[in-house]
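Q: sequence first, then the predicted structure:
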Amino acid sequence: MSVCTGVAVSHGIAVGAALVIGRFELEVPHYRVEEEELRAEWRRFHRARRQAREEIQALRDDTAGKLGKKYAAIFDAHRMILDDRKLSRETMEGIRDQRMNCEWALAKTVHRLLSVFEKVDDPYLRERGGDIADVHQRLQRILASQSNHQAKPLNLTEDTVVVAHALLPSDAIWLHQERIVGFVTEEGGKTSHTAILANALEIPAVLGVEGIADEVRHGEEVIVDGFHGKVAISPSIEMKQEFLGAREEFERIGRGLDDAHGPVETVDGVELTIAANIEFPEEMKTVKRVGGYGVGLYRSEFLFLATAPKLPSEDDHYQAYKRIAAAAEGRRVIIRTLDLGGEKYFHKVLAKGEANPVMGLRAVRFCLSRPDIFRAQLRGLLRVASEFGNVWILVPMISGVAEWRRVRAFCDEITSELAAEGVQLSAVPLGPMIEVPSAALCAGDLAKESDFLAIGTNDLLQYTLAVDRGNRAVAYLSNPWHPAMLRLLRETIVAGRRADIPVSLCGEMASDPLGALTLLGLGLLSFSCNPVMISEVRSVLREASEANAREVMLAAMDLDDGEQIRRFVEEAFSPLIRRVIGDELAGRTRSET
Ligand code: PEP
Ligand code: MG
């Protein structure tokens, strides 16, 4: 029995058997192949080896030309590894005897070889492990690009807690199943995509737990406390009872928070909207249950992951957005165009390998470089907007006015195209996401040519403070109360107000009662939260005075140190938060943010 700690990112308490996913196996697909598929699987493996050999040869020649033979020899070593008989024999045996798909059989073989290398004393030989890993990655990449396999759901028969070194958002589809009740990872922070997904799926999660993937064994009982950031491994009966008792208590408090469907108005009569951030159309059920005011952010990239390796067709887009708009029953639905790329999502169309993808060809930049993909999405989206109305289009990662004009021109072109086909369209609101500091600084200019603005604090924080949102080592710097962040937020909100257009905010900051009160004080009126947090945030905002929140923030912004501002704001707002949502929840809110 032991208890580890990490960062609580998604509330709730879950108990289940551990499904441990090691660092190495993470991106490797795993499924069973049938007898009649064995030959095809072998052929896939040999084809991949052939392609790898050609690539390595080309690299070798290139290196020899540029740097000389000495350096080219690295690739001779790679070719020898690729041709190693053991590697291919064991992989083929794995496919045949254990009916593993070839990616998995290869990973297992390499894993075993690497563990032998790790034990060798000779540093030179140990280093050769790196070459094996390199060749392995090359083979896996080739296999991924050839694969037509759609991830098959795991056949889980008991409640399961996924314990992993890290989880990619592209694992989301795979993880979106009933028996998965909790996540624990070594990597990732509060605004990482795993955290956001866990919230969206209403799965308790604790991230940033050092060494957990080595500590827990498959099948071991694990409790995930997503309120306090604790993970209990093989808990005693008493400990389990304690956790389950706490779960009941939280559920009781949650039920009593407020009635879900009334208007949201502060005590001094300022009207607010609180919408939901969603990733899957299925989440509309939760949004309705918690009474969210429509959808403030639909992350459409998850649709791309669902159809991978194929791209979604115009009709796939149309069907997905139609489901959401129909379920929203006339309430506003903001659909964000594709935000693939960066650290977030893997998709075949992006398999180019950039040195610095977070600042690379991602989101709108990628869409503008692939008008075919952008066109299919916008056509599907505009068709739904024409049928349902109140569907708004949000474009991620806009960095300046010129880029924004290109997007607008492209949308106009597609609107005309559809009009020529007889699709009736009244003006569909189009807005940039403000999540790059340059966009926040130019928010006034952007606002003049936009129908609305939506602030994304997750990326804005990452780019403003140069803090990788998924890196635990620098998570301590990720403070939304940093004066630079507060100034950018205030400027953006003011810019929207001056241009008389709505400004909403869909980053994680709005899903935290303390963050939401801070934003109210900065003048924000439209919030979009994780569905599971809507009830808490709404309850707190309803009891707040806008005038008072403004005063608090006016004084807070005179301070120059983010930590000091955070403490100041906490002191000012904690009594209200405690009164509304209770000591336990308020305590959690404070320690996590
Ligand atoms: C954000 O960056 O704040 C945001 C809402 O978008 P995402 O988390 O999907 O990057
Ligand atoms: Mg973002």
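A: Thanks, I have it. Ligands and ions are numbered 1, 2, ... in the order given.

Q: look at whichever residue of the stretch 451-593 of the chain sits closest to ligand 2 and say how many residues are nearby.
A: Nearest residue of the stretch 451-593 of the chain to ligand 2 (CB to the ion) works out as residue 459 at 3.6 Å. For the C-beta atoms, the positions are set from N, CA and C on the backbone; glycine is no exception. Residues lying near residue 459 (other CB atoms under 10 Å) number 24.

Q: which residues touch the helix or strand containing it?
A: Element membership for residue 459 (DSSP states H and E) is helix 457-465. Helix 457-465 is contacted from outside by 191, 196, 358, 397, 434-437, 440, 467-469, 477-480, 482, 484-485, 488-489, 505, 507-510, 515, using CB atoms under 8 Å, 6 or more residues apart in numbering.

Q: and these, which are buried?
A: 191, 196, 358, 397, 434-437, 440, 467-469, 478-480, 482, 485, 488-489, 505, 507-510, 515 (16 or more other CB atoms under 10 Å).

Q: the following helix or strand past the helix holding residue 459 near ligand 1 anywhere?
A: Using DSSP H and E, the helix or strand that follows helix 457-465 in sequence is helix 483-498. No: applying CB under 6 Å from any ligand atom, one finds helix 483-498 out of contact with ligand 1, separated by at least 11.6 Å.

Q: check the offset of the helix or strand that helix 483-498 is followed by from the chain's centre.
A: Using DSSP H and E, the helix or strand that follows helix 483-498 in sequence is strand 503-505. Mean C-alpha position of strand 503-505 versus that of the full chain (CA atoms, centre = their mean, to the nearest Å) differs by 19 Å.

Q: what residues does this structure have near ligand 1?
A: The chain comes close to ligand 1 at residues 196, 297, 299, 339, 435, 456-459, 506-507, as judged by CB under 6 Å from any ligand atom.

Q: what's the mean pLDDT across whichever helix or strand residue 139 is part of?
A: According to DSSP H and E, residue 139 maps onto helix 123-146. In this model, helix 123-146 has a mean pLDDT of 76.

Q: who's in contact with it?
A: 27-29, 44-45, 47-49, 51-52, 55-56, 74, 77-78, 81-82, 102-103, 106-107, 110, 113-114, 117-118, 120, 348, 351.

Q: likewise for stretch 327-334?
A: 273, 275, 281, 284-285, 287-288, 293-298, 321, 324-325, 388-394, 431, 454, 504, 506, 528.

Q: residue 91 reaches residue 45, doesn't it?
A: Yes: using CB atoms under 8 Å, residue 91 makes contact with residue 45 at a distance of 6.1 Å.

Q: give me the more crowded residue out of the two.
A: More crowded of residue 91 and residue 45, by other CB under 10 Å: residue 91, with 25 against 21.

Q: list every C-alpha atom in the one helix or strand the more buried one maps to, with coordinates, as CSV.
A: Using DSSP H and E, residue 91 sits in helix 85-98. What follows is helix 85-98, C-alpha atoms only, in CSV (Å, rounded to 0.1, in the frame of the first residue of the first chain):
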residue,chain,number,x,y,z
ARG,A,85,18.1,-11.5,-37.9
LYS,A,86,17.0,-11.6,-34.3
LEU,A,87,15.0,-8.5,-34.7
SER,A,88,13.0,-9.8,-37.6
ARG,A,89,12.7,-13.4,-36.3
GLU,A,90,11.4,-12.4,-32.9
THR,A,91,9.0,-9.9,-34.4
MET,A,92,7.6,-12.4,-36.9
GLU,A,93,7.3,-15.0,-34.1
GLY,A,94,5.4,-12.5,-32.0
ILE,A,95,3.0,-12.0,-34.9
ARG,A,96,2.5,-15.7,-35.5
ASP,A,97,2.6,-17.1,-32.0
GLN,A,98,0.9,-14.4,-30.0
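
Q: could you point out which element follows the helix or strand hosting residue 445?
A: Taking DSSP H and E as the definition, residue 445 sits inside helix 443-448. Using DSSP H and E, the helix or strand that follows helix 443-448 in sequence is strand 453-455.

Q: in that following strand, which residues are buried?
A: Neighbour count says strand 453-455 has 453-455 buried, by 16+ other CB under 10 Å.

Q: show me how far that strand is from its chain's centre.
A: 18 Å.

Q: ok, back up a step: contacts for the helix holding residue 91 next, please.
A: Contacts of helix 85-98 with the rest of the structure, by CB under 8 Å, 6+ apart, involve 33, 38, 41-42, 45, 49, 81, 100-102, 104-106, 108-110, 112-113.

Q: now stretch 535-546
A: 254, 257-258, 260, 264-268, 270, 272, 274, 290-291, 510-513, 516-517, 520-521, 527, 529, 576-577, 579-581, 585.

Q: buried subset of the residues you listed, written for ChimeraX?
A: Remark: buried members of these, expressed as a ChimeraX selection using 16+ other CB under 10 Å:
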select :254,257,258,264,266,270,272,274,290,291,510,511,512,513,516,517,520,521,527,529,576,577,580,581,585
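
Q: so which of the contacts of stretch 535-546 sit within helices?
A: The helices, defined by DSSP state H, take in 254, 290, 513, 516-517, 520-521, 576-577, 579-581, 585 from these.

Q: farthest-apart pair in these, please.
A: 254 and 521 (25.6 Å; CB to CB).

Q: ok, back up a step: from the chain's centroid, how far away is the helix holding residue 139?
A: The chain centroid and the centroid of helix 123-146 are separated by 27 Å under CA atoms, centre = their mean.

Q: mind listing what's buried in that helix?
A: 128-129, 131-136, 138-144.

Q: circling back: so which of the buried ones among the contacts of helix 457-465 reach ligand 2?
A: The residues of the buried ones among the contacts of helix 457-465 that also fall near ligand 2, by CB under 5 Å from the ion, are residue 435.

Q: stretch 531-546: which residues count as buried?
A: Within stretch 531-546, the residues scored as buried using 16+ other CB under 10 Å are 531-546.

Q: tell me which of those residues has the lowest pLDDT.
A: Out of these, that is residue 532, at 79.

Q: that one is in contact with residue 199, isn't it?
A: Yes: using CB under 8 Å, residue 532 is in contact with residue 199, at 5.9 Å.

Q: rounded mean pLDDT for the strand or helix carrying residue 115, please.
A: For residue 115, the host element (DSSP H and E) is helix 102-119. The pLDDT scores in helix 102-119 average 84.

Q: next, the angle from it to helix 123-146.
A: If you take axes from the mean of the first three to the mean of the last three CA atoms, to 10 degrees, helix 102-119 sits at 170 degrees to helix 123-146.

Q: residues contacting the residue of the chain most remote from its centre?
A: No residue in the chain sits farther from the centre than residue 69, which is 43.8 Å out by CA atoms, centre = their mean. Residue 69 is in contact with no residue at all, counting by CB under 8 Å, 6+ apart.

Q: please begin residue numbering at 546 from this point
A: With 546 as the first residue, the last one maps to residue 614.

Q: any idea how far ligand 1 is from it?
A: According to CB to the nearest ligand atom, to the nearest Å, residue 614 stands 46 Å off from ligand 1.

Q: if I look at that residue, how far off is residue 785?
A: Residue 614 is 63 Å from residue 785, where distance means CB to CB, to the nearest Å.

Q: swap in residue 1001?
A: Applying CB to CB to residue 1001 and residue 785 gives a distance of 39 Å.
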